Every structure is written in C-alpha cells, then in structure tokens.
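sharing a model prediction with you, sequence too.
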Amino acid sequence: MYRKTLMNMSQERFDENIDWVIAGEVYGSGTITEDVKTHADYQSKKDEITAEYNTYQENKKTPEEIQAIKDSAKEKLIAGEALTEDEANTIVL
C-alpha cells in the first residue's frame, strides 16, 4: 500500500493501514511488531505520515466546493478573465 492511498481513508481505516505503509517505506516490507513500534525510525515515519494525512484532510474540499470552483472557472473562461490556481487545477484535474 502506498502513502497516497492512505490520504482518502477515514481516520479509522488510516489507523488500521498506516503500518503497511511504514513497513514498505522504512523496512522494505514485513510485519510491524511491537518491538519495531518502539524504534525511532518507526515513530518518526508515523509522525510524518500522520501530519501529512491531517493536513490533507483539513484542506480537502467537499463536492459542493469543487462544483462551485468549477462554476466560477467556467464563468471566468466565458468572460475571458484569468483563473485562480484552484480554478485551473479543478478544471485540469
């Protein structure tokens, strides 16, 4: 499992699957034992991934927000106005 996969998971699923990502990124693969969980590399990687997840979740837009950005971009394109970065990213993505 890759780190990017974790970002769209619920908090519960994130907590269930973070060890798989850490196992791949830090240890190549394998099982995360209780001994490994006390190691500084494990905790450092867990803190890093958790911070990235929290930031992603805080900045995640709702479907309504995305639609509003698309609508705004469409209006600006029709009027020949410049788009914001969010508007351009929403259209391209």
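Ah, there it is.

going forward, measure contacts and count neighbours with C-alpha atoms only.
Fine.

what residues does the host helix or strand of D35 touch?
Per DSSP states H and E, D35 falls inside helix 34-37. Identification of contacts with helix 34-37 by CA atoms under 8 Å, 6 or more residues apart in numbering yields Y42, Q43.

gap between it and the chain center?
Remark: helix 34-37 is offset 25 Å from the chain centroid, using CA atoms, centre = their mean, to the nearest Å.

try stretch 79-86
Worked out by CA atoms, centre = their mean, stretch 79-86 lies 26 Å from the chain centre.

can you list contacts of that stretch?
With CA under 8 Å, 6+ apart, stretch 79-86 has contacts from I69, A73, K76, L77.

just after the helix holding D35, pick out the following helix or strand.
helix 40-59.

pull the CA atoms of that next one into CSV?
C-alpha atoms of helix 40-59 as CSV (Å, rounded to 0.1, in the frame of the first residue of the first chain):
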residue,chain,number,x,y,z
ALA,A,40,12.7,5.8,16.5
ASP,A,41,12.6,5.3,12.7
TYR,A,42,9.1,3.8,13.0
GLN,A,43,7.8,6.7,15.2
SER,A,44,9.4,9.3,13.0
LYS,A,45,7.8,7.9,9.9
LYS,A,46,4.4,7.5,11.6
ASP,A,47,4.5,11.2,12.8
GLU,A,48,5.4,12.4,9.3
ILE,A,49,2.6,10.4,7.6
THR,A,50,0.1,11.3,10.2
ALA,A,51,0.9,15.0,9.8
GLU,A,52,0.6,14.7,6.1
TYR,A,53,-2.8,13.0,6.5
ASN,A,54,-4.1,15.6,8.9
THR,A,55,-3.1,18.4,6.6
TYR,A,56,-4.6,16.7,3.6
GLN,A,57,-7.9,16.1,5.5
GLU,A,58,-8.0,19.8,6.6
ASN,A,59,-7.6,21.1,3.1
